[in-house]
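Participant: 3D, please:
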Amino acid sequence: MVAIIKLLVLALTASATPLVYRDVITVQNDITQKIGPQINTLNKDVSGFPASGLTGALAIHGDVQTLVSTVNTAITNIKSTGSFGTVSGTTILANIQAIVPDLLATLENIGLQEPSWAQIAGGQALMLSDLHSLNTAFSNYMDAIIGAEPLLLKSGGVAIKAQITGAFTTAIAAYSYV
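Facilitator: Residues are numbered from 1 along each chain as shown. Next up is the predicted model:
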């Protein structure tokens, strides 16, 4: 009798515990509703710098920190989803490719703004640190995407990662002598 009660308690506890399951829709929403809009915000703040001064620099730093956190959460969601199907994988790659131009433009502008960051005490070192954090997050993100893609789509993910990595390498190089 005691064993039956324990079994019932265990079953009720298990059924009351929410499953931590994510699906492809979550991964797509991370791209289109979170990462993409945050890249747009960062791009807008970077475009407004250096005219925005120290306030703008702080906004950019905050944008980067938020984006890193969001990308890291998206990595967890990808890993919880598991492998993508061909249709879903194609859609996900298309969604990522749609946000890449804004990310590349943002990184290019950040690289060009190095002299303005030098005008702020500790600005160059802060931006270099932010670039490294963001680079790591996006590199890990693309590794997770590539890992979840079906074999025939992995090369598309590798190509996107190469674009992103190249842009980060160029932006980081502008600050690396700090």
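Participant: mind giving me the packing neighbours of the helix or strand harbouring Gly156?
Facilitator: Gly156 belongs to helix 154-175 when elements are defined using DSSP states H and E. Under the contact criterion of 3 or more C-beta pairs under 8 Å, 6 or more residues apart in numbering; DSSP states H and E, the helices and strands touching helix 154-175 comprise helix 86-112, helix 114-118, helix 123-148. No exception for glycine: its C-beta is placed from N, CA and C like everyone else's.
Participant: make CSV from the ones you listed and add distance to Ser155, mean pLDDT and mean neighbour count to it.
Facilitator: Converted to CSV, those look like this (distance: least, C-beta to C-beta, whole Å; pLDDT from 0 to 100; neighbours: other C-beta atoms under 10 Å):
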stretch, distance to Ser155, mean pLDDT, mean neighbour count
helix 86-112, 10, 97, 18
helix 114-118, 34, 96, 16
helix 123-148, 9, 98, 19
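Participant: my guess is Ser83 contacts Ala148. True?
Facilitator: Yes - using C-beta atoms under 8 Å, Ser83 is in contact with Ala148, at 5.5 Å.
Participant: OK, contacts around Thr41?
Facilitator: Asp63 (C-beta atoms under 8 Å, 6 or more residues apart in numbering).
Participant: quick one: secondary structure of it?
Facilitator: For Thr41, the secondary structure call by DSSP: H, G, I helix; E, B strand; the rest coil comes out as helix.
Participant: quick one on the thing from earlier: how about the helices and strands packed on helix 154-175 in JSON lines, adding distance to Thr70?
Facilitator: Putting the helices and strands packed on helix 154-175 into JSON lines (distance: least, C-beta to C-beta, whole Å) gives the following:
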{"stretch": "helix 86-112", "distance to Thr70": "12"}
{"stretch": "helix 114-118", "distance to Thr70": "23"}
{"stretch": "helix 123-148", "distance to Thr70": "9"}
